[in-house]
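J.: Starting from these lines, generate the structure:
(chains A, B and C)
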Amino acid sequence: MFDVIFLQFLNGLDKGAAYALIALGLTLVFGTLGVVNFAHGALFMLGAFCAVLFRQLLTMETITIDPTQLSPWGAPLEVRAPLVQAWFGDFGAVLVNYSVPASIIITIPIMLLVGIGLERGIIKHFYKRPHAEQILVTFGLAIVAQELIKSFFGPNPIPQPMPSDLRGAADIGAFLGMQANVITYPIWRLVYFLFSFIIIGGVFAFLQFTTFGMVVRAGMADRETVGLLGINIDKRFTIMFGLAAVVAGLAGVMYTPLLPPNYHIGMDFLVLSFVVVVVGGMGSLPGAVAAGFLLGILQSFASMTQVKALIPGIDQVIIYLVAVVILLVLPRGLFGRRGVMEA
Amino acid sequence: MRTMTRNDLMLLLGFAAVVLAMPIWLQPFGAAYPDLLQRFMIFGIFAVGFNILFGLTGYLSFGHAAFFGVGSYAAVWSFKLLSLDAIPAMIFAIVISGVFALIIGYLSLRRSGIYFSILTLAFAQMSYNLAYSVLTPITNGETGLQLTINDPRYLDRVFGDAMPGQPVPTLLGQSLGGFTGFYFCAAFLILTFFIAQRITGSPFGMMLKGIKSNQTRMNYTGVNTRPYTLAAFVISGMYAGLAGALMAVTDPLAGAERMQWTASGEVVLMTILGGAGTLVGPVLGAWIIKYFENIFSALNDSILARFWSFLPDGLDHTAVVVSGKFVGEGWFLTLGLVFVLIVVFLPGGVMEGVRRITTLVSPKSKPPASPESTSPQPQPAE
Amino acid sequence: MTLLKRGLSRRRVLQTGMAGIIGTGVMPAIFTKGAWAQEFCNNPTGDTVTFGLNLPLTGAYAEEGADEQKAYELAVQHLNGEGDGGLINVLTPTALKGNGILGKKVAFVTSDSQTKSDVARAGATRMIERDGAIMVTGGSSSGEAVAVQSLCQELGVIFMAGLTHSNDTTGKDKRRYGFRHFFNAYQSGIGLGPVLGQEYGTDRRAYHLTADYTWGWTQEESMKAATEALGWETVEAVRTPLGAGDFSQFLTPVLNSGADVLILNHYGNDMVNSLTQAVQFGMRDRQTNGKNFEIVVPLFSELMAKGAGANIKGIFGTSNWHWNLQDPGTVAFTKSFGAAYGAPPSQAAHTAYVQALLYADACERAGTFYPPEVIKALEGHEFDGMGNGPTLYRAEDHQCMKNILVVQGNDNPTSEYDVLNIVQEVDREVVTYDSAIFGGDLGPAEPAPLC
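T.: Residues are numbered from 1 along each chain as shown, chains lettered A, B, ... in the order given. Presented below is the predicted three-dimensional model:
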């Protein structure tokens, strides 16, 4: 029984890391700018499609039609030759193999641009408008983004293979000195877990230990006073929005081998990420991380047959049920501050 | 009861005339077929009801589709168990969705702002997920609940008029398909519009508007606002249930998808697009979105090619490709763009646009800036 | 006859009156709609006849929908005498002449069903009411098929189901106006059971992951029956929400449950995800109870296999049809489809194409579009040449009785479409079952007083 519970707990941590990472970017935007960003899921989706785009560029092929040969279904045979390998040889092959993690190098600048463009272009006009209108405009932007992706990449999910060295499962049990082949877990999921930790840790360190972070935190607490001190807080907030977009995008990139992305993947995560943020308390970074792990672990355990036999259907509703209970018992979520978002 | 003002009466009569004449004036737009007209009515009712909550009190519910779905399920069960007549089904649906709204509203209204939105969203998603899975004995899951020849229909059996063949809902023995169904729904839209009009003008409506502009102040003046918001929530839930029941009357199948959060999002879009807080706006928004969904989405490349054929060769092809991204399967992109533009430039929706145009055209009757159109400033922390 | 029986109802007066009012209005060029008074629903009066294609172009089964659309377009071309004629040349017996149906050219309208029953039904209503579709066809989920089928019964329009595999479609939810060419979960069980017994032995412990809706349940039930008949033990059958995306929380309990076979009752993207993730969990490299851990996917499609890539190698499942078969019908269709679209057809495309042709053929044989006559022509119709061997459209439940295939993921694919190997062609006699076991009632053939 121990192995079953341990595995389920591991799975919960793994899910929780993903949830925490997605919620982190959302709560960054809310905490600094006070904007409820319904386009956050779309940013996650755009990040995932950075990986898709990168791989499509890498796997471009020259297609020559050989009219002398026929394919098994009777059409002229197409001969395909990959370009990257032709140009870069073995390095090209390695690059294709590692396309998902490698696409981070294009994801960061793209998402930064998208984030800053979005903030300067539209979001900044909504700081003073009611939250309902912020929700609506970002919701509209999310629709536009996902429909654009749909019209370029089609409606179907596009599988992104993980690097061949990181496929399969690692025997954690044996590593910890237990019996072999009892506790195994997919390597890529462990990589994602580690990756989340690094990003979350990085964001915290950035806000905690840099001057920039200090100013932003001061701005979060009292925007006007910081402005009066002659600090250009607007510019910093713009950068924070860009940072949030990058975090969402990176979460999307690394998630693609686990779930082939399609245009709708952002909307699927949007509701979830909002629940995580609200359970954690609007605007609280530690809250979002804690709530992410809490919900991940609960969801994992709720999916066990023994639990489902006890409460039928619990796996379908656990996340929402926890959200309802927490919001009714702790009005501002786990770590929320008073007076935030209650208008 | 106070009598209606002349303006209100004119509005109601004008609205009724426009609605009833729809099969005629929508003909040139290709939308005058019963199924779409019925949808115009049904989603009009849904949006009017949603506006009673959101437009008047400012509480943004993201889970209203749950009441719509519950209304549908209740109506279909009434068809299955009681009678194929539409009246008991609708009464049953309104009562059930009202009770459902009372429970969810009672819990959700303990919080405000985004916390309220998330609570309603969570309740609706729970209903949706359960309807899809463990509640299948009640909802028939993914397939959707539908009528069968072998349903008991106890009331019908008592009166002994068992219909042969595939059962369809009726009104006093009259089948409700096609244009009959449309007029049936239209009658309800006009009725619900009238009720919404009376609510808006009543002291109760004033109280709700007061809650929207500053709930804290209302509380300080010694008013307990909770019963008012709860009443608005329940009324609005019953409207949604009525709309869901009408959906089941015109097409007796209830599927879980109509409870999903995207369906809740759609009614929010309708209300905002048309103009939240106005009477006509939400209905307009519902019509625009349903028109887009049904007509715009059906435009395909061959129709576009015919439309652009006046352009020189080569250019017309480009025009078809480019415009093809925005219609047909891409209609949702157009909707998203329109929506963003509206929220950015016309926060009051289509109705504010209409108001601005009328002010432009007749500058002599320039009214002082109406209090509705100025967006309220975000409230400082309590 | 039908007019007299209905008499002049208030509704008819309204309709006729409305038609008069509408008739005086300006008719637009694009969306015209004929008068409502007619002998039966959408009786084609002009020189064209319209099919309504209800296809999932977005959602979990979108890939199947896109392939079905290609097949329908091809079928319409062939019916109108364009292209190489495809399967019209090999269908026996045939009444098709390659000049449309009953001398009318075939046109079509499409609607995106989004893989949702509600939307599918709305789309079908729209195509029947606005576009005057004489027949509705398509869909690639059983939920859609059942929902649209009952709508078509109400409106008196024939529904030729596309890809739907649930036992319910021609079982407890069968309708007089609905017809299915595709096979069902029960037949999958009959076909797959013996092969599994042969390959994996009779001493196995199976763990089911099942999509939590009608189709998943009927398949789980059929597979349980088939494997338990072999002597297998069912360890656990877990329901997973449709479209869950990440199945890891359902996969971890499988690892140490003592099961040595995982049966995935998933389809479309769900199956691609759950299978890929199961492989990521190392399940295909495991040893349990001293045997190799195996995965079984009872309903396979080429499109899913393509999506899952190398993960499907060696996995057993069943298919309705495969383009690699060597009979003249299959060869003709594969060639025709491949030439048009540069890729071989999927089983969804095949069933869609065949359904369109069978409907047209039935109209020709009946000599009318009047649905009750067309239904009569289809019921109990015996034909051959469509790639599944001699086939019977059974009158009792409108289910086609024909050969089905047991397939296995190809270990050495020669192209990205060469993903499945045919292990066995299960004979029609073997997969024929008593239609009474699933109950249901077809209902009357008289056209409904609606539409």
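
J.: Show me which residues of the stretch 51-200 of chain B sit near chain C.
T.: Contact residues, the stretch 51-200 of chain B versus chain C (C-beta under 8 Å from any C-beta of the partner chain): B:129, B:132-133, B:136, B:140-144, B:146-150, B:164-166, B:168, B:174-175, B:177-180, B:183. For glycine as for every other residue, the C-beta is placed from the backbone atoms N, C-alpha and C.

J.: same thing but 7 Å
T.: Residues of the stretch 51-200 of chain B lying close to chain C (C-beta under 7 Å from any C-beta of the partner chain) are B:129, B:132-133, B:141-144, B:146, B:149-150, B:164-166, B:168, B:174-175, B:177-180.

J.: Which among those residues count as buried?
T.: Buried by 16 or more other C-beta atoms under 10 Å in any protein chain shown: B:129, B:132-133, B:141-144, B:146, B:149, B:165-166, B:168, B:175, B:177-180, out of those.

J.: For residue 201, grab the count of nearby residues.
T.: I'll assume chain A. A:G201 has 10 neighbours, counted by other C-beta atoms under 10 Å in any protein chain shown.

J.: Switch to chain C, please.
T.: When neighbours are counted by other C-beta under 10 Å, C:G201 registers 13.

J.: Across the sheet, point out what pairs with the closest residue to it other than its chain neighbours.
T.: The shortest distance from C:G201 to any non-neighbouring residue, by C-beta to C-beta, 6 or more residues apart in numbering or on different chains, is to C:K291 (7.7 Å). Applying DSSP bridges to C:K291 yields these beta-bridge partners: C:T288.

J.: how close does C:K291 get to A:L7?
T.: From C:K291 across to A:L7, the span is 21 Å (C-beta to C-beta, to the nearest Å).

J.: likewise A:S99?
T.: 30 Å.

J.: same question, B:L337
T.: Taking C-beta to C-beta, one finds B:L337 at 47 Å from A:L7.

J.: So which residues of the stretch 301-450 of chain C form helices?
T.: Using DSSP state H, counting those that start in this stretch, the helices of the stretch 301-450 of chain C run over C:302-308, C:328-341, C:347-366, C:371-378, C:428-431.

J.: Between C:K291 and A:L7, which is the more surrounded one?
T.: A count of neighbours by other C-beta under 10 Å puts A:L7 above the other of C:K291 and A:L7, at 26 against 15.

J.: Now for that one: which residues touch it?
T.: Each residue near A:L7 by C-beta atoms under 7 Å, 6 or more residues apart in numbering or on different chains is listed here: A:183, C:252, C:255.

J.: The stretch 51-200 of chain A: strands as residue ranges?
T.: In the stretch 51-200 of chain A, the strands defined using DSSP state E, counting those that start in this stretch lie at A:61-70, A:76-82, A:169-171, A:184-186.

J.: Return the distance of the second one from the chain's centre.
T.: Using C-alpha atoms, centre = their mean, to the nearest Å, the distance from the centre of strand A:76-82 to the centre of the chain it belongs to is 36 Å.

J.: Ok, the third one next?
T.: Distance of strand A:169-171 from its chain centroid, counting by C-alpha atoms, centre = their mean, is 24 Å.

J.: and it, what other elements does it pack with?
T.: The contact analysis (3 or more C-beta pairs under 7 Å, 6 or more residues apart in numbering or on different chains; DSSP states H and E) places strand A:169-171 against strand A:184-186, helix A:187-209.

J.: So which bits of chain C are right by chain A?
T.: Going by C-beta under 7 Å from any C-beta, the residues of chain C near chain A are C:57-58, C:62-63, C:236, C:238, C:241, C:245-246, C:248-250, C:252-253, C:255-256, C:269, C:273, C:280-282, C:285, C:307, C:309, C:323, C:334-335, C:338-339, C:342, C:344, C:415, C:418.

J.: Which of those residues are buried? Put it as a PyMOL command.
T.: Command for PyMOL that selects the buried part of those, burial taken from 16+ other C-beta under 10 Å:
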select buried, chain C and resi 57+58+62+63+238+241+245+246+248+249+250+252+253+255+256+269+273+280+281+282+307+309+323+334+335+338+344+418
